[in-house]
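# structure for the following, please:
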Amino acid sequence: MWPDLIQKAKDGGLDVIQTYVFWNGHEPARGQYYFADRYDLVRFVKLAKQAGLYVHLRIGPYVCAEWNFGGFPVWLKYVPGISFRTDNGPFKVQCWLNCDL
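Numbering: from 1, shown residues only. The predicted model follows:
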């Protein structure tokens with residue numbers, strides 16, 4: 001799917017592809033990370049690079065209101081003491097940016 005869409009973007013004159021990075025897709029269960037298939041960010045970026053395109057990653061943790069739970073994983077709401085989208089200690093500890101790709 002990606003190679004065709006990326007090539008169409010390039011052929012259409014675009015030079016940047018923008019995409020969300022959904023936390024709930026990459027950590028569907030607490031501590032279980034998923035970067036395969038359509039969640040393979042490295043592959044996506046490499047395909048865009050091969051086509052001569054830049055990539056603008058819209059990395060969360062919260063990415064958009066149109067997506068279920070804003071992209072937060074559902075398991076997050078069960079973390080004791082958590083308060084979303086605040087300077088809350090439990091929230092900051094859970095932020096997924098600590099995950100190594």
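# residue 9 is in contact with residue 17, isn't it?
Yes. Residue 9 lies in contact with residue 17 (C-beta atoms under 8 Å); the separation is 5.8 Å. Every C-beta, even on glycine, is put in place using the N, C-alpha and C of the backbone.
# which residues are in contact with both of those two?
Contact criterion C-beta atoms under 8 Å, 6 or more residues apart in numbering; residues shared by residue 9 and residue 17: residue 53.
# quick one, which of those two is more surrounded?
residue 17 (20 against 16; other C-beta atoms under 10 Å).
# show me the beta-bridge partners of that one.
residue 55 (DSSP bridges).
# that one contacts residue 48, correct?
Yes. Between residue 17 and residue 48 there is a contact under C-beta under 8 Å: 5.4 Å.
# give me the common contacts of the two.
Shared contacts of residue 17 and residue 48, defined by C-beta under 8 Å, 6+ apart, comprise 6, 54-55.
# next, the contact list for the residue nearest to the spatial centre of the chain, please.
Nearest to the mean C-alpha position of the chain, by C-alpha atoms, centre = their mean, lies residue 21 at 1.3 Å. By C-beta under 8 Å, 6+ apart, residue 21 lies in contact with 41, 57-60, 63.
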